[in-house]
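Asker: coordinates only, no sequence provided:
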């Protein structure tokens, strides 16, 4: 009798074990299908949000100095290259299109939910003319055509001297600040000899070597030299180690 009860008990345990296994398998299958359903819903939602017609931009704000690339030009380029809504916009396409303008240095794009686009444009700062190019403060040559009329000096020198000429210009310009004069021309010859022209028409020959040191001595005594005689100072030669050669114009007669 006891053995018979043990037999029925073991049979019942087997049925319970099989039922538990089926429940576990069913749970795993349902979980898998639920996961696939969620993935599908997310995918469909992603496809919907990335449609160009979803959340189109209604407001455009442009921040730029607009000294050389006009705001109207920037706005026109942006509108031609907006090919999507808030989620689907191709920012790289806009950035590349704007930077085709040689004056534009950098572009920052920011989206404000749900329909505002803010674009900040940074322009290159022109320093001087270099042959047919515009030389910027960062030392980059811009192929601007046609060449605009700007109140900037003319630079000239060997092909590999752009950075040297720019650095010399910055140094010499700082020395001229007390005199309220500027450099309108700066030339470096093949023999690395410097010549410059000031905004008052005076030509200054620095020569080779320590031109900055000689130029500083000239700036220090400039006012005394101007007061020492009548007439306009036309040309100053600073190549002498212990002196300065000056060419003077004829003094104008008072009437």
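Answerer: Yes, it's here. Note that the structure is predicted; figures quoted are calculated from it, not measured. Numbering: from 1, shown residues only.
Asker: who's in contact with the spatially closest residue to residue 125 that is not a sequence neighbour?
Answerer: The spatially closest residue to residue 125, leaving aside those adjacent along the chain, is residue 137, at 4.4 Å (Cβ to Cβ, 6 or more residues apart in numbering). In this view, the C-beta of every residue, glycine as well, is placed from N, C-alpha and C. Residues in contact with residue 137 (Cβ atoms under 8 Å, 6 or more residues apart in numbering) are 124, 125, 126, 127.
Asker: residue 125 now?
Answerer: 136, 137, 138.
Asker: so the first one sits against residue 150, correct?
Answerer: When you say that, I think you mean residue 136. No: contact criterion Cβ atoms under 8 Å: residue 136 and residue 150 do not qualify, at 11.8 Å.
Asker: ok, back up a step: now, among the contacts of residue 137, which is nearest to residue 171?
Answerer: Nearest to residue 171 among the contacts of residue 137: residue 127, at 13.3 Å, using Cβ to Cβ.
Asker: strand partners (parallel or antiparallel) of whichever strand or helix holds that closest one?
Answerer: Using DSSP states H and E, the element containing residue 127 is strand 126-130. Pairing partners of strand 126-130, with direction, according to DSSP bridges: strand 133-136 (antiparallel), strand 154-156 (parallel).
Asker: what sits up against the first one?
Answerer: When contacts are taken as Cβ under 8 Å, 6+ apart, the neighbours of strand 133-136 outside the stretch itself are 105, 124-129, 141-144, 147-148, 150, 152, 155, 162, 166.
Asker: mind jotting down where the strands sit in this protein?
Answerer: Here the chain has its strands, by DSSP state E, at 59-63, 104-112, 116-123, 126-130, 133-136, 141-142, 154-156, 183-188, 194-198, 203-207, 233-237, 245-248.
Asker: what about the stretch 151-255 of the chain, any weak spots by pLDDT?
Answerer: 251-255 (pLDDT under 70).
Asker: again, only using 90
Answerer: 209-211, 225-232, 240-244, 249-255 (pLDDT under 90).
Asker: give me the contacts around stretch 55-74.
Answerer: So stretch 55-74 is contacted by 49, 75, 78-79, 82, 85-87, 89, 98, 101, 103-104, 114-124, 126, 148 (Cβ under 8 Å, 6+ apart).
Asker: on that earlier part again, and the contacts of strand 133-136, which of them are buried?
Answerer: The neighbour-count criterion (16 or more other Cβ atoms under 10 Å) marks 105, 124, 126, 127, 128, 129, 142, 144, 152, 155, 162, 166 among these as buried.
Asker: my guess is residue 78 meets residue 120, correct?
Answerer: No: in this structure residue 78 lies outside contact range of residue 120 using Cβ under 8 Å: 11.8 Å.
Asker: the two - which one has more neighbours?
Answerer: Remark: of residue 78 and residue 120, residue 78 carries more neighbours, 20 against 13, as counted by other Cβ atoms under 10 Å.
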